[in-house]
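>>> When you get a sec, could you give me coordinates for this:
(one chain, ligands or ions: 1)
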Amino acid sequence: MIERESIFLKALNKETLPIPPIWYMRQAGRYMPEYRAVRKKFKNFLDMCKEPDVCCELALQPINAFELDSAILFSDILTIPDAMGLDVKFLEGEGPVFGNPIKTAKDVLNIKPFDSDSLSYVYKAVGNIRSALPKHIPLIGFCGSPWTLAAYSIEGKSSKDFLFTRNFLKENDDEAHIFLNKLTDACFEYLKRQIEAGADVIQIFDSWANLLTEDDYKVYSLKYITTLIGLLKNDAVTKNIPIILFSREPKVQLKTIMTSQSDCLSLYWSMNDIDLNEVKNKVAIQGNLNPEILLESNEVIKQETLKILQKFKNYPGYIFNLGHGITPNINPDKVKFLTDLIRSI
Ligand code: CP3
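Predicted coordinates for the structure are as follows:
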C-alpha cells in the first residue's frame with residue numbers, strides 16, 4: 001500500500017503545494033537510450049509488453065533517471081482490442097496496425113467478448129512495478145477511452161482524419177454504440193484488475209477526442225467516459241482511486257468535461273485559454289507544457305516553464321506534466337533539466 005505522503009496523491013486531492021509533483025506522459029520510451037537497449041531485443045512491441053519483468057524494468061527507467069513523483073505502468077492502450085481478437089501489431093515507422101479491424105456492423109456483433117484474464121500479463125506487470133517502486137511513489141494504471149479504442153479498432157491503423165471511422169459512425173450508429181458499450185465494460189474490468197494488482201491512480205487517455213465536434217464528443221466519447229468513471233466510483237474495490245482524464249484538444253469547455261466526475265483533468269498543450277475559476281476546488285489539473293518546447297534551448301524551456309508555473313501557482317491541486325507525450329526526438333538531458341528546474345524554483 002502506498003504511503004499517503006506522496007505529493008502526487010496530495011495534489012490529486014486538490015492540495016496547494018510549494019513545488020508541484022512531476023511526471024511525464026510517455027516518460028518511458030524511445031527517447032531514452034536505456035529503453036532502446038531493451039526494445040531492440042524484441043521484434044514486436046506487444047511481445048515486449050507481454051513480459052512483466054521487462055515492463056517493470058522499463059517503467060522504472062524514468063524514475064531512476066529523473067526521480068519523478070509518479071510511475072506509470074509500462075504497457076499500451078491497445079491491449080484491449082488485441083485481447084478482443086483484433087490482432088494488433090506495431091510496425092516500424094507506421095504505428096499500430098490491426099490484422100482484424102472492425103470493418104462492418106456485423107464485425108461488432110461477432111467480436112470476441114473481452115475476457116479480463118487474457119490480460120493477466122498486464123496485472124502481473126502492475127504487481128511487479130508496485131513491488132519494485134519506493135513506497136512514496138504512486139503507480140498509475142491506465143486505459144484508452146472507449147472512443148479512442150473504437151477509433152483505432154475501426155480505422156485499423158493510425159490516421160490523420162479517421163475518415164473510415166467517421167463514415168462508419170454515420171452508417172452504423174447503433175452498432176457503434178454497441179461497440180462503445182462493450183469497450184466501456186472491458187475498460188472497467190481491466191482497470192479494476194489493475195487496481196487489484198496495485199495501481200494507485202488511473203489515467204484514461206482520450207487521445208482522439210480532437211476528432212469529434214462538440215455534439216459528437218458528448219455522444220461518442222464523454223458519455224462513455226462518464227459511464228466508465230461511474231462504474232469505478234461505485235465499485236467497493238475501485239471507488240477511492242483518483243482518476244485523471246487526458247483529452248487531446250477537445251472541442252468542448254472544461255466544465256462540460258468535468259461532468260465526467262474525473263478527479264483531475266490533464267490539459268493538452270494548446271488549451272491555454274481556460275478560466276481556472278470555473279474548475280478551481282472541483283478538480284485537480286495536470287499539464288500543459290508543449291512537448292516541443294523540450295527541443296528548444298534551456299533558456300526557452302525556462303521561460304515557457306515559468307509561464308506555466310505562474311499560471312497554476314495558487315491552483316489547489318496542480319501536477320506538472322507535458323500537454324501530450326514525450327516524443328522520440330527529445331533529448332533526455334532536457335527532461336532532466338526541466339525536472340530539476342521546476343524543483344529549484
Ligand atoms: O511511460 C509510458 O507512458 C509508457 C507506457 C505507454 C505506452 N503507450 C508505451 C508505448 C502508454 C501510457 C501508452 C499510451 C498510448 N498508446 C496512447 C495514449 C497516449 C497518447 O500519446 O495519446 C496511445 C494513443 C497509444 C497507441 C500507440 N502506441 C501508438 C500510436 C504507438 C506508435 C507510435 C508511438 O507513439 O510510438 C504506440 C507504441 C508505443 N507505446 C511505444 C511505447 C513506448 C513505442 C513502441 C516502440 O518502441 O516501437
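
>>> Point to the residue nearest the middle of the protein.
Centroid-nearest residue in the chain: residue 205, 3.8 Å away (criterion: Cα atoms, centre = their mean).

>>> May I have the strands that pair with the helix or strand hosting that one, each with its orientation?
Per DSSP states H and E: residue 205 is located in strand 201-206. Strands flanking strand 201-206 in the sheet, each with its direction: strand 139-144 (parallel), strand 243-247 (parallel) (DSSP bridges).

>>> closest one to the ligand among these?
Nearest of the strands paired with strand 201-206 to the ligand, taken as Cβ to the nearest ligand atom: strand 139-144 at 5.2 Å. (C-beta placed from N, C-alpha, C; glycine too.)

>>> residues in contact with the helix or strand just after the closest one?
Moving toward the C-terminus from strand 139-144, the next helix or strand (DSSP H and E) is helix 146-155. Here helix 146-155 makes contact (Cβ atoms under 8 Å, 6 or more residues apart in numbering) with 77-78, 80-81, 84, 86, 96, 98, 101-103, 143-144, 158, 162, 164-165, 168, 176, 179-180, 183-184, 187, 205-209, 211-212, 220-221, 224-225, 228.

>>> what sits against the residue in the stretch 151-300 of the chain positioned nearest to the ligand?
Nearest residue of the stretch 151-300 of the chain to the ligand: residue 207, at 3.2 Å (Cβ to the nearest ligand atom). Residues in contact with residue 207 (Cβ under 8 Å, 6+ apart) are 77, 144-145, 148, 246, 248.

>>> try 6 Å this time
Residue 207 makes contacts with 148, 248, as judged by Cβ atoms under 6 Å, 6 or more residues apart in numbering.

>>> TSV for the strands paired with strand 201-206, including mean pLDDT, mean neighbour count and distance to residue 27?
Converted to TSV, these look like this (pLDDT from 0 to 100; neighbours: other Cβ atoms under 10 Å; distance: least, Cβ to Cβ, whole Å):
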stretch	mean pLDDT	mean neighbour count	distance to residue 27
strand 139-144	98	24	10
strand 243-247	98	26	14
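
>>> can I get these in TSV with distance to the ligand?
Formatted as TSV, these follow (distance: least, Cβ to the nearest ligand atom, whole Å):
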stretch	distance to the ligand
strand 139-144	5
strand 243-247	7
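
>>> out of the ones you listed, nearest to residue 125?
Proximity to residue 125, assessed across the strands paired with strand 201-206 by Cβ to Cβ, is greatest for strand 139-144 (9.9 Å).

>>> Now do the residue of the stretch 151-300 of the chain closest to the ligand against residue 156, distance only.
Taking Cβ to Cβ, to the nearest Å as the measure, residue 207 falls 16 Å from residue 156.

>>> try residue 204
23 Å.

>>> What parts of the stretch 101-250 of the chain come near the ligand?
The stretch 101-250 of the chain comes close to the ligand at residues 142, 158, 205, 207, as judged by Cβ under 6 Å from any ligand atom.

>>> and which of those is nearest to residue 339?
Relative to residue 339, the closest of these is residue 142; by Cβ to Cβ it sits at 21.1 Å.

>>> list the contacts for the closest residue to the closest one other than its chain neighbours?
Of all residues beyond its chain neighbours, the one nearest residue 142 is residue 203 (4.6 Å), with distances taken as Cβ to Cβ, 6 or more residues apart in numbering. Residue 203 makes contact with 140, 142, 244, according to Cβ under 6 Å, 6+ apart.
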